[in-house]
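>>> using only what follows, build the 3D model:
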Amino acid sequence: MIKIKSPREVERMRAAGKIAAAALRLAGEHAKPGVTTQQISRIVHDYIISCGATPSFLNYNGFPGSICTSVNEQVIHGIPGPYTLREGDIISIDVGATKDGFVGDCANTFAVGKIDDAVQRLIDVTRQSFFEGLKFAREGYRISDISHAIETYVESQGFSVVREYVGHGIGSQLHEAPEVPNYGKPGRGPRLMRGMTLAVEPMVNAGGAAIKVLPDEWTVVTEDGKPSAHYENTILITGGDPEILTTGED
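Here you go, the predicted structure:
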């Protein structure tokens, strides 16, 4: 069942979203050569705790990290650890913060030092695909209108959309109904209503769409070994333009 949020619940989601957004920015600032993914996770963990919130991902279905750190060909769900970032890497960082019973969830892909222009383009297209989908995140449209806009834009730029993992509803739980795929035909799925809150998160591969899960049973990688990028925000459906709840702005 899709949960429509009350004004009070939306306020709590804004608060959680601001913490998550600030934590993600902090993570990006530390994504530099010589820094380990575990060090970034610890910095973000401590920041979220200092805000009176908790890291939403820690122990979620057994996930062992406070954030997801996915480097280069890793798509999502990379576990923070001893890997030391190197010049030319990219790292997708996914952050969730739970505050007063509600969750904010956001992600971005960061360049580590100077990266190839082609890889920077992958990051830029992934981010823009979110905003292409956001144009249809309005009352009266359907979920798949968002999905179709993302897929159409990504493929027009010569990249591939990951299909096995999707966006989702969000609120008092990290994952709620409905699912928000990044592909599909328009005009399908639940109709968008004001008060719905969604995590829209394109995952885009430089090569083919095929993926596989590593033996750690968490880390998802591209099958062809080419890089992948991820961009996500928590949004609110309103009576007009959608509101991004994970911008961190007042």
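
>>> packing partners for the strand or helix carrying G104?
When secondary structure is defined using DSSP states H and E, the element that contains G104 is strand 102-111. Using 3 or more C-beta pairs under 8 Å, 6 or more residues apart in numbering; DSSP states H and E, the elements in contact with strand 102-111 are helix 7-29, strand 90-99, helix 117-134, strand 228-230, strand 233-236. Where C-beta positions appear, they are placed from N, C-alpha and C, glycine not excepted.

>>> mind doing that once more with 10 Å?
Under the contact criterion of 3 or more C-beta pairs under 10 Å, 6 or more residues apart in numbering; DSSP states H and E, strand 102-111 touches helix 7-29, strand 68-71, strand 90-99, helix 117-134, strand 197-200, strand 203-205, strand 228-230, strand 233-236.

>>> what mean pLDDT does whatever helix or strand comes next after the fourth one get?
Moving toward the C-terminus from helix 117-134, the first helix or strand encountered (DSSP H and E) is helix 143-156. Within the predicted structure, the mean pLDDT of helix 143-156 is 98.

>>> same check on stretch 88-103?
For stretch 88-103, the per-residue pLDDT values average out at 98.

>>> buried set for that stretch?
By 16 or more other C-beta atoms under 10 Å, the buried positions in stretch 88-103 come out as 89-99, 102-103.

>>> repeat for stretch 47-55
Quick answer for stretch 47-55 (16+ other C-beta under 10 Å): 47-48, 51, 53-55.

>>> excluding chain neighbours, what is closest to G88?
Excluding the flanking residues, the one nearest G88 by C-beta to C-beta, 6 or more residues apart in numbering is I115, at 5.5 Å.

>>> isn't the one you found right up against A229?
No - at 11.1 Å, I115 and A229 do not qualify as touching, with contact defined as C-beta atoms under 10 Å.

>>> who has more neighbours, these two?
Taking other C-beta atoms under 10 Å, I115 and A229 do not tie; A229 has more neighbours (29 against 17).

>>> what does the pLDDT read for that one?
99.

>>> re the thing from before, shared neighbours, I115 and A229?
90, 122-123 (C-beta atoms under 10 Å, 6 or more residues apart in numbering).

>>> check contacts around R191.
Going by C-beta under 10 Å, 6+ apart, R191 touches 2, 139-143, 145.

>>> could you dump those to CSV with distance to I67 and neighbour count?
Shown next, in CSV, are the contacts of R191 (distance: C-beta to C-beta, whole Å; neighbours: other C-beta atoms under 10 Å):
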residue, distance to I67, neighbour count
I2, 27, 17
E139, 32, 15
G140, 35, 11
Y141, 31, 18
R142, 32, 17
I143, 27, 28
D145, 30, 23
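
>>> of those residues, closest to S70?
Closest approach to S70 among the contacts of R191 (C-beta to C-beta): I143, at 25.0 Å.

>>> what's the helix or strand for the nearest residue to the closest one once chain neighbours are set aside?
Using C-beta to C-beta, 6+ apart and skipping residues adjacent in sequence, the residue nearest I143 is G189, 3.5 Å away. Here G189, judged by DSSP H and E, is contained in no helix and no strand.

>>> picking up where we left off before, determine which two of the buried residues of stretch 88-103 are furthest apart.
Going by C-beta to C-beta, the pair spanning the buried residues of stretch 88-103 furthest: D89 and F102, at 33.1 Å.

>>> nearest to V161, of the helices and strands packed on strand 102-111?
With C-beta to C-beta, the closest approach to V161 among the helices and strands packed on strand 102-111 belongs to strand 203-205: 6.2 Å.
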